[in-house]
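Engineer: Any chance you could fold what I've pasted below:
(4 chains, ligands or ions: 6)
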Amino acid sequence: MAQKTIENLEEVTIRFAGDSGDGMQLTGTQFTNTTAILGNDLSTLPDYPAEIRAPAGTLFGVSGFQIHFGSNEINTPGDHCDVLVAMNAAALKVNLQSLLDGGSIIVNTDGFNDKNLKLAGYTQNPLKDDSLSKFRVYEVDISKLTALALQDMTISGKLIDRSKNFFALGMMYWMYNRPLETTLDWLKTKFKNKPEILEANIRVLKAGWNFSETTEIFAVRYDVAPAKLPPGRYRNITGNQAVAWGFMAAAKKAKLELFLGSYPITPASDILHELSLYKSHGVKTFQAEDEIAGISSAIGASFGGALAITTTSGPGVALKTEAIGLAVMVELPLVICNVQRGGPSTGLPTKTEQADLLQALYGRNGEAPLPVIAASTPSGCFDAAFEASRIALKYMTPVILLTDGYLGNGSEPWMIPDLDALPDISPSFVTTPEGFQPYSRDHDTLARPWAIPGTPGLEHRIGGLEKQDITGNVSYDPENHDLMVRLRAEKIERIANDIPLAEVEGAPSGDLLIVGWGGTYGSLKNVVARQRAKGHSVSHLHLRYLNPMPRNVGEILLKFKHVLVPEINLGQLVKVLRSKYLVPATGFNKVRGLPLRSAELEIEIEEILKGKR
Amino acid sequence: MAQKTIENLEEVTIRFAGDSGDGMQLTGTQFTNTTAILGNDLSTLPDYPAEIRAPAGTLFGVSGFQIHFGSNEINTPGDHCDVLVAMNAAALKVNLQSLLDGGSIIVNTDGFNDKNLKLAGYTQNPLKDDSLSKFRVYEVDISKLTALALQDMTISGKLIDRSKNFFALGMMYWMYNRPLETTLDWLKTKFKNKPEILEANIRVLKAGWNFSETTEIFAVRYDVAPAKLPPGRYRNITGNQAVAWGFMAAAKKAKLELFLGSYPITPASDILHELSLYKSHGVKTFQAEDEIAGISSAIGASFGGALAITTTSGPGVALKTEAIGLAVMVELPLVICNVQRGGPSTGLPTKTEQADLLQALYGRNGEAPLPVIAASTPSGCFDAAFEASRIALKYMTPVILLTDGYLGNGSEPWMIPDLDALPDISPSFVTTPEGFQPYSRDHDTLARPWAIPGTPGLEHRIGGLEKQDITGNVSYDPENHDLMVRLRAEKIERIANDIPLAEVEGAPSGDLLIVGWGGTYGSLKNVVARQRAKGHSVSHLHLRYLNPMPRNVGEILLKFKHVLVPEINLGQLVKVLRSKYLVPATGFNKVRGLPLRSAELEIEIEEILKGKR
Amino acid sequence: MTTLIEDLVNSTAGIPAQKYSAKDFATDQDVRWCPGCGDYSILAQTQRVMPDLGIPKHKTVFVSGIGCSSRFPYYMDTFGFHSIHGRATAIASGLKIARPDLSVWVVTGDGDGMSIGGNHFIHLMRRNIDLNVLLFNNQIYGLTKGQYSPTSEIGKITKSTPFGSLDFPFNPASLALGSSATFVARTLDRDPKHMQGIIKRAAEHKGTSFVEIYQNCNVFNDGAFFQFTEKDSKDETVVFIEHGKPLIFGKEKEKGIRLNGFSPEVVSLKDGKYSVNDLLVHNEKDTTLSFILADMTHKPHLPRPVGIFLAIDRPVYDREMDRQISFAREQRGIGDLKKLFTSGDSWVVQ
Amino acid sequence: MTTLIEDLVNSTAGIPAQKYSAKDFATDQDVRWCPGCGDYSILAQTQRVMPDLGIPKHKTVFVSGIGCSSRFPYYMDTFGFHSIHGRATAIASGLKIARPDLSVWVVTGDGDGMSIGGNHFIHLMRRNIDLNVLLFNNQIYGLTKGQYSPTSEIGKITKSTPFGSLDFPFNPASLALGSSATFVARTLDRDPKHMQGIIKRAAEHKGTSFVEIYQNCNVFNDGAFFQFTEKDSKDETVVFIEHGKPLIFGKEKEKGIRLNGFSPEVVSLKDGKYSVNDLLVHNEKDTTLSFILADMTHKPHLPRPVGIFLAIDRPVYDREMDRQISFAREQRGIGDLKKLFTSGDSWVVQ
Ligand SMILES: Cc1ncc(C[n+]2csc(CCOP(=O)(O)OP(=O)(O)O)c2C)c(N)n1
Ligand SMILES: Cc1ncc(C[n+]2csc(CCOP(=O)(O)OP(=O)(O)O)c2C)c(N)n1
Ligand code: SF4
Ligand code: SF4
Ligand SMILES: [Mg+2]
Ligand SMILES: [Mg+2]
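Structural biologist: Ligands and ions are numbered 1, 2, ... in the order given. Next up is the predicted model:
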């Protein structure tokens, strides 16, 4: 057996890539779970192929999964990767541009036959020419080795082929010195009733490990020490799952039933899938005939006293617009979660974007103000969903919760919160008819009472026509309309008193303030940290509340010479800041369906600091 | 016969008010036509009861029609009226607040019986106490006099009752010295085949006139000299009719078929009604099953090479949002006309408002920019519809045309344009396959070619997924997406080069600039004129192009010490101006479902000029 | 842990329905329909039937869309929701799924329910959520002042179709049946007794009950149904269908409907050729028959069928949802969020 | 004055349809369906039928919504529009009304056409606009990776229904018939000949033709229709309905469908009790019969009916619209805008 060196690394980014059918998502998830349990901080991002499962070997059928992990704080899944696992030629072709110069490629040579090469559009085999000379290439015939590992078992060729991702996983476990247990346990539960498959997968996984250990192909293996995370119990979580759980936690805190009315759409569907698992928690999920019925059913459930939510993306939000207006008018609690994706129209359904902010703020007929909250990390989606629910219930209002494809599909370790320590939510159903008026208002919050059907003596009628102040009767009175329009606006404005002040990361004043919102948090944090390390006077303000904004935002902005607002859109938050605070903020905008890349932004920042912009 | 004095007036505002069944709209329209033909300038506004025909005599069943006419330029239907014709107690109750102190009331005393009084919520008869002492009250038993006029005819009581509005009309014709001919001609055409009704109405009309001439009840009659309008042929027109005709003119100029896909909704329905009359002009109107099908069918027709439009109001716009996004992506010409009404939600469906501007600008998922044009007078709706069509066809883009309930239902004289003198529209269908690429672009306009089905060799596919530059194939390429998002935005921005510069009414610089848009034009013009007459340094900028804005708007704003933006919303244009030009513009906002009242605005202006704001 | 709603439902479960009268279901709001509108009768019959249902007012909810008809909830002293155009069925679906303890009614019009709301309508039918849907069919858009609707006859001249409409109308009963409805009925605004009976049966039905009510809009479509509702014609033009009874009609009950093959035809009971025994006997449990009867609607020479076309039992969506929850809880215990959060792979950082 | 479109239509009217082959209808785009997907066969059959229709490619348009199936237009070398979810029928309606000279096809899925697009679907049926609608029914949402659809069987376990779905499925044929469709048919992805025949008939039909195609989604709902499409079972489970022919099925044509009253039942042709003469004979012109046959779909113990349920003539919306225009022009002359503007009350200011 060859002697292997062990090197220590602070952080690594690995990208698994193969055909849709190659199980790359599963491989990535397994690697992630094992790595998480080892105590690394991490961040992941799957990169699904566009929409349909494509024929094997094609460029558009490539599925990828990137994990960035380390012994320090990890904020993003990484702009580029250090290691690329490519199961076939197409996977190499599609992902090579994300590999750092000097990075490693582990290729399954069996995926580079003539057919594969042709499908990938290679005129010659890149393994055979010098096109990969900038990289360290490890050629392994994974397919063959997998078959060999299973040769004495009587299982189908299809199954053998499907197991080869475990060989790759075994190699990576060896290379980064990770134990097999987590995956072994998972396999045992998953294939409890399919001993053949269980056995095959275990063998192949181990074969991958042993191959790496035994052969001389890899000379070095790496150690990545655990990160110093705050103490607590952790699990790995995606943004979509965190949203679902945030709602469940809010319902529990509020002692309400959770009702989801939704229609499947990428990339929001996973929230529906997740919540539909929890029948035993009393969660009711209703797959409606369309988005309009999705939100309408939620409004009905809210009228009935449930914590009602609806989840969607892109074109689905557009369809919900009319009903959101109704919810504003009838002042019922409701959370509309928009997992933003590339637009306009169908756009880039599997890609991320932040281009629905202005729609969230303004996209309704009439004056229809509502709170808008945005999550900024996958695990932060839990808090955002919880907070959106709290505000909806306390202020009797629809709330828009913005996440995005990157947050929804991305994952990172989440410190499991103590349920008892979460903020209290106490929706107060009116229970007695004495003095009940459907549109009387709470003195502080201006919320109207929630009088739910089934309560004796509270029979009343609501609707989308303008309401008379206090009685809630239909009113066409001009002065009343002006009053009600202002009351509804004022109610939302007052929420500013009930949310934390914004906090600048870095110095509270200086040359440049980077203002962001949503899923760019990790990238911006990294960029600002690097800039500060260079000695530049750059700070970072990340907004979680987009409407109303924290009371001190204006103040903060004025303390900086320049305000730069990077967004994955053509400049939306920047419009709002300029209008609200009359500051000459400028935008930095890339609309590529991808998280922001740090390098470009740093160039922009340095130009600004040099006074060139 | 008593001697009557004749006084000259510069302008008068009359309000006809009665039960929905009393024919007040018809009375008002007749008075308007006669007055128009006499050569007065005028402006009218109907004030329909809310939604349903209510039981007779109720407050919510009151229907009104206001006409403001004069020998000078008339810009609004009048904040208040000089004369109120009240057919019953409820009509008096509802409309009294709009009557100027010292104004005249002509009441039908028969409408003040106990039942009427009770329904109107009067505890005592206002004709019998001194509550009307500020006004000149003329009591006439119109019902009885009408019956008397018809006593020798064998017609039903119902018909007699329905004719009484003609008595009132006859009185007003006498009082304002107008000829009966226009109405007589109209009656003769209308009731060609119903000689009984014709005879009855003529008799009652004349009876009203003769009664006024004969009795001593009216001592004075008035003359209002013709206005000095620019020479030309005129007709009276409502905004909704003008929109319809503007589209027809654009289709004719472009040599295209006009297709309207729409779903009925107040107050936009009249455009559908109007256009459905013109089968002989080849206009195709399609009453769809909902707004989504309305706009979708229009998109289909546009793909097929028609000038395609869709018309709606309030909640209907919300429903069209998703399809508008599609039109942005596929870059097909389309005009979406939104006759704004009171919101949010169902809101105040029969009232006017300007609260859909931000929705028009931003209310879509993704970056989906499009041109937004707003009409500012009823007759100006013609030009606005024409211009919206021109831009849609030239730039291959959906365009939002904003009017509102006030513009749509209001009327004024319209100088009939010379069709030949209207700007040219020449949509260019691609006709040859040579070099055809669905997403190649015109060098100047950035418009893509319009290649319509039926053209040999141009077979191609479009859709809502992101398109590859030039070829229009589906593309998930990140850089291409960024490029396309910017190209679509740039295309719309370039329209700024193709529209007139904004023109300030009044001095080009000064203390205060009033910036408005849409249906407030007339009110603002009056207010500014009065302020200037007082010697104040106030000018007026009225924006017809909301996106893109004329190139010189920023320049103009900077020339004034203060910028005030009056709107019938909570401040929408003001947000855009602040954001775009970083000027500390402030808003003046009344959201009452009514046109702005001059007096309040003047107070605000004077406070600002005194430095108190 | 119980939820607030469970608390409420439990704490009020004991309250018996009072002895109501029709008047108890009237609100203090002025009724704003045009004098003579058929809606008044439907309101009256509904208020009359409510006391017989034995459901407390506070357990009853009326949900409507937009239209003249959709004003209905304002006039019913129960919980009410006058929502947006076409969405009443969807809103009521969510309400009923969240709150199966409530008696939920949907009031809609031919525009609201069949035009913009058509999709929710057909999906409601197949889902069989326990709602009662009253469709006021006046074959016109009343509220928007008289455009033709999806149930208007072809060639109809209206504001939006001055040259006559081109669209073939829906037959709401057939549409409901084609969507797999479990309860489909038709009644008439001017036959209060019949309407009361039908509304009661609809209330009793478990699952979605769909009742089409021919309603006169005397302002924009006056007399659309007079041939079926007015004394001088109705005996000849309407056949009342009743479970287990042969289809007989005519002033002197002298005519009947027979199946010729599978096609209904009118036969005389007087000329000796056919007797009552030859007539089609209605069976409201038979889906095939329900199609045949509903299909008579637009056939000339056949009387208009009125009554209950179909009333069958099928699992009820909202109940099944509750059953799934109970079942999951039996199987797995009541969900515990703390356990869930720490389930699967989790780890501790010290 | 003629319009640009009239000019185009006139100038190209003379161009005869070429002699195409199926290949002429293929585009240069990679077909991105999963290997083995039933969509491939439908594409192939459509491309095979097109040359026989005698319609030039440039006169043919395919409009689709969103879904795997809705990718179809990218693969047809005609004009194409891949639009938004559920709206293909509405978009195609506008296109066809504006351009009756085109041959317009709609491709949709069970989610696209029956779920979000249900309303446009039913309204299209009643309007009878001259479109050809191909519904790829795979009883699943393919593109969004496997949620149940409105045609999925009850109790279906999917990503969004881990405990089984609760909704009773639509039978698309019944829904179409309940919406007053004029042409309703069903065919199978794995029966190319039958599919070709049906697509041709659909193309020939004047008015809306609705074709439901059972389509295997081998990734998310594999084998949903295998009992109807695979050799070893299909003879027993499918009855092909053909105009004028008795309903016979079975491996040896030994079984038939008879009407017992109005209810279809399976009878044996072997035991001597019944002969072919006792069997139900299909008549595609009979609306009542079409309901009976479509209603067999979800009935256990009955074979699945496949073929043309109904094909009747009724005025075609887009043609009637053109007729109204011609008529108005005959009556009033071609509209003159200058005249219109000065019609009624106008006056001159000097
Ligand atoms: C989204 C939307 N579209 C259109 C309208 C306008 N609208 C209100 S009611 C109605 C139709 C009313 O017809 P129907 O449902 O038959 O009720 P009816 O008034 O006849 O009782 C329409 C088109 C609306 N309120 N909302
Ligand atoms: C407004 C909107 N809602 C949801 C979606 C997501 N979506 C795309 S296709 C689809 C369903 C696909 O099912 P089906 O129509 O049966 O087509 P298949 O993929 O099975 O061929 C859904 C829900 C969308 N694109 N747009
Ligand atoms: S318009 Fe017709 S439906 Fe509406 S209230 Fe009046 S009569 Fe009734
Ligand atoms: S997911 Fe299903 S329907 Fe879609 S392409 Fe794959 S096999 Fe076909
Ligand atoms: Mg109606
Ligand atoms: Mg499907």
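
Engineer: Show me what the closest residue to ligand 1 within the stretch 151-300 of chain C is bridged to.
Structural biologist: Nearest residue of the stretch 151-300 of chain C to ligand 1: residue C:217, at 6.1 Å (Cβ to the nearest ligand atom). The way it works is simple: take the backbone N, C-alpha and C, and place the C-beta from them, glycine included. Residue C:217 has these beta-bridge partners by DSSP bridges: residue C:221.

Engineer: Neighbours of it, how many?
Structural biologist: For residue C:217, the neighbour count with other Cβ atoms under 10 Å in any protein chain shown is 29.

Engineer: same check, this time on residue A:112
Structural biologist: Residue A:112, neighbours per other Cβ under 10 Å, totals 22.

Engineer: in the stretch 101-250 of chain A, what spans have low per-residue confidence?
Structural biologist: Along the stretch 101-250 of chain A, no part satisfies pLDDT under 70.

Engineer: which residues touch the nearest residue to residue C:215 once chain neighbours are set aside?
Structural biologist: Distances taken as Cβ to Cβ, 6 or more residues apart in numbering or on different chains place residue C:38 nearest to residue C:215, at 3.8 Å, with adjacent residues excluded. By Cβ atoms under 8 Å, 6 or more residues apart in numbering or on different chains, residue C:38 lies in contact with C:136, C:138, C:189, C:190, C:214, C:215, C:216, C:217, C:218.

Engineer: One more pass at 10 Å, please.
Structural biologist: Residue C:38 makes contact with C:68-69, C:136-138, C:188-190, C:213-218, C:224-225, C:229 under the criterion Cβ atoms under 10 Å, 6 or more residues apart in numbering or on different chains.

Engineer: what does residue A:482 give?
Structural biologist: By Cβ under 10 Å, 6+ apart, the contact set of residue A:482 is B:568, B:570, B:589, B:590, B:591, B:592, B:593, B:594.

Engineer: how close does the third one sit to residue B:611?
Structural biologist: For residue B:589, the distance to residue B:611 equals 21 Å [Cβ to Cβ, to the nearest Å].

Engineer: do the fourth one as well
Structural biologist: Look at residue B:590 and residue B:611: by Cβ to Cβ, they are 23 Å apart.

Engineer: what's the closest non-adjacent residue to the residue in the stretch 251-350 of chain C that chain D sits nearest to?
Structural biologist: For the stretch 251-350 of chain C and chain D, the shortest gap (Cβ to the nearest Cβ) falls at residue C:291, measuring 3.8 Å. Nearest residue to residue C:291 in three dimensions, chain neighbours excluded: residue D:291, at 3.8 Å (Cβ to Cβ, 6+ apart).

Engineer: follow-up on the earlier one: how close does the residue nearest to residue C:215 get to residue D:338?
Structural biologist: As defined by Cβ to Cβ, residue C:38 lies at a distance of 46 Å from residue D:338.

Engineer: which stretches of the stretch 451-600 of chain A have low pLDDT?
Structural biologist: Low-confidence regions of the stretch 451-600 of chain A, defined here as pLDDT under 70, do not occur.

Engineer: ok, stretch A:428-437 near chain C or not?
Structural biologist: Yes - on the criterion Cβ under 10 Å from any Cβ of the partner chain, stretch A:428-437 is in touch with chain C at A:428, A:429, A:431, A:433.

Engineer: got a list of contacts for that stretch?
Structural biologist: A:256, A:305, A:393-394, A:438, A:440, A:442, A:447-452, A:454-460, A:468-472, C:4-5, C:7-8, C:11-12, C:58.

Engineer: please redo it, this time with the cut-off set to 8 Å
Structural biologist: Applying Cβ under 8 Å, 6+ apart, the contact partners of stretch A:428-437 are A:305, A:449-452, A:455-458, A:460, A:470-472, C:4, C:8.

Engineer: domain parsing for chain A?
Structural biologist: A:5-223, A:236-419, A:429-498, A:504-609 (automatic domain parsing).

Engineer: So which of those domains is nearest ligand 2?
Structural biologist: Closest among the domains of chain A, using Cβ to the nearest ligand atom: domain A:236-419, at 3.8 Å.

Engineer: just how off-centre is that closest one within its chain?
Structural biologist: 13 Å (Cα atoms, centre = their mean, to the nearest Å).

Engineer: what about the strands in the stretch 1-150 of chain C?
Structural biologist: C:60-64, C:79-82, C:103-109, C:131-137 (DSSP state E, counting those that start in this stretch).

Engineer: swap that for the stretch 251-400 of chain A, sorry
Structural biologist: Under DSSP E, counting those that start in this stretch, the stretch 251-400 of chain A gives strands at A:258-262, A:284-287, A:307-312, A:334-340, A:372-374, A:398-404.

Engineer: Out of these, which gets nearest to residue A:557?
Structural biologist: strand A:372-374 (18.0 Å; Cβ to Cβ).
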